[in-house]
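Enquirer: I would like to see how this sequence folds:
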Amino acid sequence: MFLDEKVIEVRSGKGGDGLCSFRREKYVPLGGPDGGDGGKGASVILEVNEQYTTLLDMGHTKIYRAPNGQPGGTNRCTGASGKDLIISVPCGTLVKDSQGHILADLTEPGQRWVAARGGKGGLGNCHFATPTLQAPRKTIPGQPGEKRELFLELKLMADVGLVGFPNAGKSSLVNKISSGRPAIGDYPFTTLEPVLGIVSVHNKSFVLADIPGLIEGASEGRGLGHQFLKHIERTHSLLFVIDSFEEDAYQKFLILKQELKEFHPKLAEKPYVIALNKADLGNEEALKTFKENGENPIVTSAITGEGCETLKLALDKLVIPKQKKSSGWASKK
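Expert: Numbering: from 1, shown residues only. Purely as a prediction, here's the structure:
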């Protein structure tokens with residue numbers, strides 16, 4: 001099961017209160033105040049975990065509470081601070097507040113962001129002794145922790161994103177060239193959730209994302225695939241998978257490009273490769289039309305394996321120039 005949106009509530013710990021105490025020991029005259037400070041409340045921290053691939057890996061917890069700091073002790077001892085609560089999230093998690101403003105974009109393994117900062121500990125009465133007030137009873141309580149509601153949105157971090165209409169053979173192609181194993185069936189919308197696969201080329205590898213099929217009007221919210229368009233935003237390159245057996249194959253390609261452009265203009269600027277799939281069924285006219293319009297697609301077949309190695313090499317050339325640390329950009333859509 002794939003989950004790419006989640007609402008959570010985080011509550012950091014309250015700081016411990018300062019203590020009012022006086023030193024009372026035999027043979028120690030005028031011991032004076034010795035109340036210690038309270039400990040710091042624990043913070044709630046989001047941390048990127050490479051092992052997580054979906055927000056579902058976080059479990060079903062909706063409210064995260066960090067422990068409070070302990071009150072101060074006698075003999076000017078400071079109370080124990082609360083242990084920070086670490087929440088693991090998948091790479092590519094976008095954090096927004098209840099108003100939709102972006103607070104953090106967690107895209108690097110091990111990256112951390114403090115979601116709710118713990119309250120400071122209070123002061124004990126030992127801080128308030130003066131020459132004229134040698135037995136103060138004043139203390140300062142610990143500060144309260146923060147409480148906030150966060151909206152988590154996952155945008156997959158992949159090198160190449162597959163784009164195509166339902167039944168174009170995207171999932172079969174992913175099975176053929178990568179380690180991904182999406183569901184395959186003879187009906188539309190077989191792929192109901194994004195699937196990541198690793199493609200190996202000459203002792204190197206890159207990540208391929210199979211995005212559920214789009215339909216015309218997807219950028220306006222139509223069909224099943226529109227909710228997954230955001231996952232294409234972070235991909236470095238695109239792979240358009242077109243069913244070569246269809247008579248209007250080139251028009252299908254143009255519709256896909258237009259849908260991406262309407263969703264976000266930068267999507268249309270990404271480097272891409274076109275795969276004319278289902279070559280085993282044969283349609284030379286489709287290939288001719290693409291070439292007449294200045295495109296140079298790769299003819300492939302997930303059944304026979306035709307063109308698959310050529311496709312992997314072409315994608316590898318697109319992925320190589322990019323740097324891993326700048327594999328995507330965050331849309332504010």
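
Enquirer: Model confidence score at the closest residue to residue 138 other than its chain neighbours, please.
Expert: In space, and not counting its chain neighbours, residue 138 is closest to residue 128: 4.6 Å by CB to CB, 6 or more residues apart in numbering. To be clear about C-beta, it is placed using only N, CA and C from the backbone, and glycine gets the same treatment. For residue 128, the pLDDT comes out at 94.

Enquirer: wait, doesn't residue 128 sit right on residue 33?
Expert: Yes: taking contacts as CB atoms under 8 Å, residue 128 lies within contact range of residue 33: 7.4 Å.

Enquirer: joint contacts of the two?
Expert: residue 136 (CB atoms under 8 Å, 6 or more residues apart in numbering).

Enquirer: Show me which of these two is the more surrounded one.
Expert: residue 33 (23 against 18; other CB atoms under 10 Å).

Enquirer: what residues are up against that one?
Expert: Contacts for residue 33 (CB under 8 Å, 6+ apart) come out as 20-23, 124-126, 128-129, 135-136.

Enquirer: got the residue ranges for the strands in the chain?
Expert: 5-11, 44-48, 63-65, 85-89, 93-96, 102-106, 112-116, 147-154, 160-163, 195-201, 204-210, 237-243, 272-277, 298-299 (DSSP state E).

Enquirer: what's across from residue 5 in the sheet?
Expert: Counting by DSSP bridges, residue 5 is bridged to residue 153.

Enquirer: make that residue 45, sorry
Expert: With DSSP bridges as the rule, residue 45 is bridged to residue 86, residue 114.

Enquirer: Name the stretch among the strands of the chain that sits most buried.
Expert: strand 160-163 (a mean of 28; mean count of other CB atoms under 10 Å).

Enquirer: now this protein, which segments are flagged as low pLDDT?
Expert: 1-2, 28-29, 179-194, 213-228, 282-283, 320-333 (pLDDT under 70).

Enquirer: Please, where are all the helices along the stretch 101-250 of the chain?
Expert: Here the stretch 101-250 of the chain has its helices, by DSSP state H, counting those that start in this stretch, at 170-177, 249-263.

Enquirer: Tell me how far the nearest residue to residue 118 once chain neighbours are set aside lies from residue 81.
Expert: Nearest non-adjacent residue to residue 118, counting by CB to CB, 6+ apart: residue 41, 3.4 Å away. Applying CB to CB, to the nearest Å, the value for residue 41 to residue 81 is 8 Å.

Enquirer: And those two? Which one has more around it.
Expert: Shown here are residue 41 and residue 81; by other CB under 10 Å, residue 41 has more neighbours (30 against 21).

Enquirer: give me the beta-bridge partners of residue 201?
Expert: residue 204.

Enquirer: Which residues are in contact with it?
Expert: Taking CB under 8 Å, 6+ apart as the contact definition, residue 201 lies against 312-313, 315-316.

Enquirer: repeat for residue 69
Expert: Contact analysis of residue 69 by CB under 8 Å, 6+ apart lists 13-16, 38-42, 79-82, 118-119, 121, 142.

Enquirer: One more pass at 7 Å, please.
Expert: Shown in contact with residue 69 (CB atoms under 7 Å, 6 or more residues apart in numbering): 13-16, 38-41, 79, 81-82, 121, 142.

Enquirer: that older thread, right, and the residue nearest to residue 138 touches residue 137 too?
Expert: No: assessed by CB atoms under 7 Å, residue 128 is found out of contact with residue 137, at 8.5 Å.

Enquirer: which of the contacts of residue 201 count as buried?
Expert: Neighbour counting with 16 or more other CB atoms under 10 Å marks 312, 315-316 as buried within the contacts of residue 201.

Enquirer: Between those residues, which sits nearest residue 98?
Expert: residue 315 (39.8 Å; CB to CB).

Enquirer: Residue 133 versus that closest one, what's the distance?
Expert: As judged by CB to CB, residue 315 and residue 133 stand 76 Å apart.

Enquirer: And for residue 312?
Expert: Between residue 312 and residue 133 the distance is 79 Å, computed by CB to CB.

Enquirer: domain assignment for this structure?
Expert: Listed by automatic domain parsing, the domain ranges of the chain are 1-154, 160-326.

Enquirer: Can you lay out the contacts of residue 33 as CSV showing distance to residue 255?
Expert: Output for the contacts of residue 33, formatted as CSV (distance: CB to CB, whole Å):
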residue, distance to residue 255
20, 74
21, 76
22, 81
23, 81
124, 70
125, 74
126, 74
128, 74
129, 78
135, 83
136, 77
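
Enquirer: May I see the PyMOL selection of the buried members of the residues you listed?
Expert: Here is the PyMOL command that selects only those of those that count as buried (16+ other CB under 10 Å):
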select buried, resi 20+21+22+124+125+126+128+136
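
Enquirer: what's near enough to touch residue 73?
Expert: Neighbouring residues of residue 73 by CB under 7 Å, 6+ apart: 19, 36, 79.

Enquirer: Closest to residue 150 out of those residues?
Expert: Of the contacts of residue 73, the one sitting nearest to residue 150 (CB to CB) turns out to be residue 79, at 28.6 Å.

Enquirer: Great, nothing more from me.
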